[in-house]
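Enquirer: Sequence first, then the predicted structure, then my questions.
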Amino acid sequence: MKMNYMRLTVASLALVVSLASCGGGQQNAQQEQTKQEETAVAEKVSPEKDFVLGAKIFNEKCIACHQANGQGIPGAFPSLVDSDLLREDKLAAIHQVLNGDPGGKVIKGVQYNAPMPPQVETYEEAVAVINYVSNHFGNDLGYISLEEARKVTINPR
C-alpha cells in the first residue's frame, strides 16, 4: 500500500511539474515573441538606425558625386546642402535614388546634365539615405516615412 501511495505521489508531482512547465514555456515563448516583435518595430522606425544606414549608403554610393560635405560639383553634380528638392518634394528624391534621373535640370540657376543611375533597391534604403541627407550637412529639411516612400513605383531594372 505504501508503495502505491508513493507511486501515486510521484506520478502526481510529475504531472504538476510537466503541466507547469508546458504552460510556462508557452507563456515564455509568447513573451519572447512579443519582445522580438517590439524590437523589430523599434528598429524599423529608429532614426538613429536609419542615419547609420543612410550614412553607409551615402558613403558607398553618393559621396563620389555629391562630395563628403554634400556640396556636389557645380555644373556636374548638384549640392545637397539646402536642397529645394529635399525640402519641397521628398517623394521626387525617393524616386531619384530608387530609379535614377536622366539629368538635364537647372538647379538654382546652374545646368546639370549628368544622369544619376539608381542608387538603392529598397524603400527602406531610400528612406534611410534621404532622411540622412535631409538632416546632415547643416540641413534641417524634415523626414519622409516608409509609408510615404511606398507611393513611389520602383521601375524594373
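Expert: Perfect, I can see it now.
Enquirer: Tell me if Lys61 really is in a helix.
Expert: Yes: counting by DSSP: H, G, I helix; E, B strand; the rest coil, Lys61 falls inside a helix.
Enquirer: can you count the residues close to the closest residue in space to it that isn't next to it in sequence?
Expert: Of all residues not flanking Lys61 in the chain, Gln119 sits nearest, at 4.7 Å (Cβ to Cβ, 6 or more residues apart in numbering). Glycine gets a C-beta too; all of them are placed from N, C-alpha and C. Gln119 is surrounded by 19 other residues when neighbours are defined as other Cβ atoms under 10 Å.
Enquirer: and if you look at Glu148?
Expert: With other Cβ under 10 Å as criterion, Glu148 counts 14.
Enquirer: Which strand or helix spans it?
Expert: helix 146-149 (DSSP states H and E).
Enquirer: Could you name the helices and strands sitting against that helix?
Expert: Using 3 or more Cβ pairs under 8 Å, 6 or more residues apart in numbering; DSSP states H and E as the contact criterion, the elements in contact with helix 146-149 are helix 90-99, helix 123-134.
Enquirer: out of these, deepest packed?
Expert: For the helices and strands packed on helix 146-149, the largest average neighbour count (mean count of other Cβ atoms under 10 Å) is found in helix 123-134, namely a mean of 23.
Enquirer: quick one on the thing from earlier: tell me the predicted confidence for the residue nearest to Lys61.
Expert: In the predicted model, Gln119 carries a pLDDT score of 97.
Enquirer: Can we start the residue count at 57 from this point?
Expert: All set: I'll call the first residue 57, so the last point we hit is now Gln175.
Enquirer: give me phi/psi at Ala120?
Expert: For Ala120, the backbone dihedrals are phi -60, psi -40 (criterion: degrees, to the nearest 10).
Enquirer: how close does it get to Asp145?
Expert: Look at Ala120 and Asp145: by Cβ to Cβ, to the nearest Å, they are 24 Å apart.
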